[in-house]
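K.L.:
With the sequence up front, the predicted model follows.
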Amino acid sequence: MPILTVNKLTKSFGGLMAVSNVNMELEQGELVGLIGPNGAGKTTVFNLLTGIYPPTSGYITLYRNKKEEHIQGLKPYVICEKGIARTFQNIRLFKDLTVLDNVRIAMNKNSGYGLFSSFFHITRSYKNYEKEILEKSIELLRILKLDHKKDELAKNLPYGEQRQLEIIRALATNPCILLLDEPAAGMNPAETAQLTEMIGWIRENFKLTILLIEHDMSLVMKICERIYVLDYGMVIAEGTPDEIKSNKRVIEAYLGEEMGNA
Amino acid sequence: MEKFVKTSSKNVRWKASAVKWIVLILFYAIIQVLISTYIINDYIFSTFVTVCINIILAVSLNLITGFTGQFSLGHAGFMSIGAYTCALITLRYSTQFGFIGGLLLGAVLAAIVGIFVGLPTLRLKGDYLAIATLGMAEIIKILFRNVLEDITNGAAGLSGIPQFVNWTWLFIFTAGTVALISNFINSSHGRACISVREDEIAAEAMGINSTKYKVMAFVTGAFFAGIAGAIYSSYFYFISPDLFGFMKSIDILVIVVLGGMGSISGSVLSAIVLALISTYLQSFPELRMVIYGVLLILIMLFRPQGIMGSRELSLSDMKKWVQGIRRKNGGIA
């Protein structure tokens, strides 16, 4: 059963076709990779899926709670509420806030109380909601092993933990689909291995569908069940890691035509 | 063990809020006594009023500029709406009731104007927003001066406004503003506002409707600026459109930047410090503004993040500070 389908998705910036006629399908619970050379349009696909840009044409359909709806062109916060969360290629944490606040903000979605309660901290709804959100955030940090740093500023975390916190923050929005934009970028092999394990664990325990962009092929080939390959904004190949490894067009795209022929 | 930790943290919180209340009430009572024994004369009290008005203005602008990250240069515009509304009402109904009614109506009107100005302009970012809000404040000024001349007495302004502001009202509104806005900052709405400042794209991707929270901060700030304006008109007898021009907005912004963007206690401190400096400098009238300017430059050079940065003054910090000083002194002795 698909949870997200992308149909003839196209985005052009002026004369440049960043993404053209992309078709994709994510099955419930799958872990899918999106790879391609630099500038292939991978992050643009993410930005279209999460509403940061509206597409020039095409459809994105989300199947959730036995309903299907088109979500292309909706505002990012609406798409987030519908259950698609993401991380960013160049980490975008709330740097000057604590780890705990980063997570709490992501849990905001339906603030459980009104403006009056936020001015006068005396209502029951304020107290209950704040307590609930605090407990939930600490619990989330605890199961992903970052609770010992909850009072540190996000910018003071080591690089690997910043990446980890970004994933935790995305999980705090309670998504059904998680989009990871180069989660292993800049990590050393040990950190990458740890991350690989974490992604698998998250998928099992949060019952998520994950789409990830990654350049680290060891990670992609190890955990992805299916891979889409993007080049010049078009899907040039799709299949299991083994199929992709031996696909001629993929090798051409990565290594150049002559090398591929040789 | 866990239970013990919980109850003790509850105790600490309870203690901290009790201390806050006692300090506030003591402060109120002491000043009240000093006023009734004429130790604080009218001249000192009028400085007090200016400081309190500046605190309200700075804290409310800090919510917009420091916490939500929206650069607004139109705060004096909202202030003038509150001032004119309250003045016009108390000129007709010269009672305590009229004053409070006028003050609240002024604040609400300022907030309503805030909605209409905020919805279209908050799409703009940074300096563009600053120019747009500056234009808004100028429009309001011109409205009071030329368009509504029949009611507002145009450029000559309104005079003989009945004086209802006493220490009690002043204290209630100043402490109330500071308390309400810091409560707001520490709520989920406030956290959402801060996340918009930190990274708007990331906030949107985490489900935060950035437009909604920007408008919310803008309107809240406008509301309290309206209150400040009402207090101004009701204490200083006289208002005219030119009092609420561009320079007034800049003055408020200076207080906020000097105190620290995103620090409420910083805004309060810097309102007090600036008032002290400018009162002291009144003995050198020719050089007053020169020295004031030099001081601002020096403070910005040596502390560009403002007096407090984005930190807040807290009891535990103060304790640490005192302990640090004691230790230092102990070491020397």
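P.N.:
All right, it came through fine. Numbering: from 1, shown residues only, chains lettered A, B, ... in the order given.

K.L.:
which residues touch residue B:92?
P.N.:
Contact analysis of residue B:92 by C-beta atoms under 8 Å, 6 or more residues apart in numbering or on different chains lists residue B:98. To be clear about C-beta, it is placed using only N, CA and C from the backbone, and glycine gets the same treatment.

K.L.:
any idea how far it is from residue B:56?
P.N.:
25 Å (C-beta to C-beta, to the nearest Å).

K.L.:
for residue A:236, same thing?
P.N.:
To residue B:56, residue A:236 is 62 Å away according to C-beta to C-beta.

K.L.:
what does residue B:156 give?
P.N.:
Noted for residue B:156: a distance of 27 Å to residue B:56, by C-beta to C-beta.

K.L.:
These two: who's more crowded?
P.N.:
Between residue B:156 and residue B:56, counted using other C-beta atoms under 10 Å in any protein chain shown, the more crowded position is residue B:56 (30 against 12).

K.L.:
Can you name the helix or strand that the closest residue to the more buried one other than its chain neighbours falls in?
P.N.:
Closest residue in space to residue B:56, ignoring its immediate chain neighbours: residue B:228 at 4.1 Å, by C-beta to C-beta, 6 or more residues apart in numbering or on different chains. Using DSSP states H and E, residue B:228 falls within helix B:210-235.

K.L.:
The residue nearest to residue A:233 when sequence neighbours are not counted and chain B: what is the separation?
P.N.:
Leaving out its chain neighbours, the residue that sits closest to residue A:233 by C-beta to C-beta, 6+ apart is residue A:41, at 4.2 Å. The gap separating residue A:41 from chain B is 18 Å, by C-beta to the nearest C-beta, to the nearest Å.

K.L.:
What are the phi and psi values at residue A:41?
P.N.:
The phi/psi pair for residue A:41 (degrees, to the nearest 10) reads phi 100, psi 20.

K.L.:
Okay, now the unreliable bits of the stretch 151-262 of chain A?
P.N.:
Within the stretch 151-262 of chain A, the stretches with pLDDT under 70 are A:257-262.

K.L.:
Which residues of it lie near chain B?
P.N.:
A:169, A:170, A:172, A:173 (C-beta under 8 Å from any C-beta of the partner chain).

K.L.:
for the longest helix along chain A, packing partners?
P.N.:
Secondary structure of chain A per DSSP state H: the longest helix is helix A:124-143. The contact analysis (3 or more C-beta pairs under 8 Å, 6 or more residues apart in numbering or on different chains; DSSP states H and E) places helix A:124-143 against helix A:99-106, helix A:115-119, helix A:159-172, helix B:188-198.

K.L.:
give me that answer again for 7 Å
P.N.:
Judged by 3 or more C-beta pairs under 7 Å, 6 or more residues apart in numbering or on different chains; DSSP states H and E, the packing partners of helix A:124-143 are helix A:99-106, helix A:159-172.

K.L.:
Can you tell me which of the ones you listed is most buried?
P.N.:
Compared across these, helix A:99-106 shows the largest average neighbour count, a mean of 25 (mean count of other C-beta atoms under 10 Å in any protein chain shown).

K.L.:
and the residue of the stretch 151-262 of chain A nearest chain B?
P.N.:
For the stretch 151-262 of chain A and chain B, the shortest gap (C-beta to the nearest C-beta) falls at residue A:173, measuring 5.3 Å.
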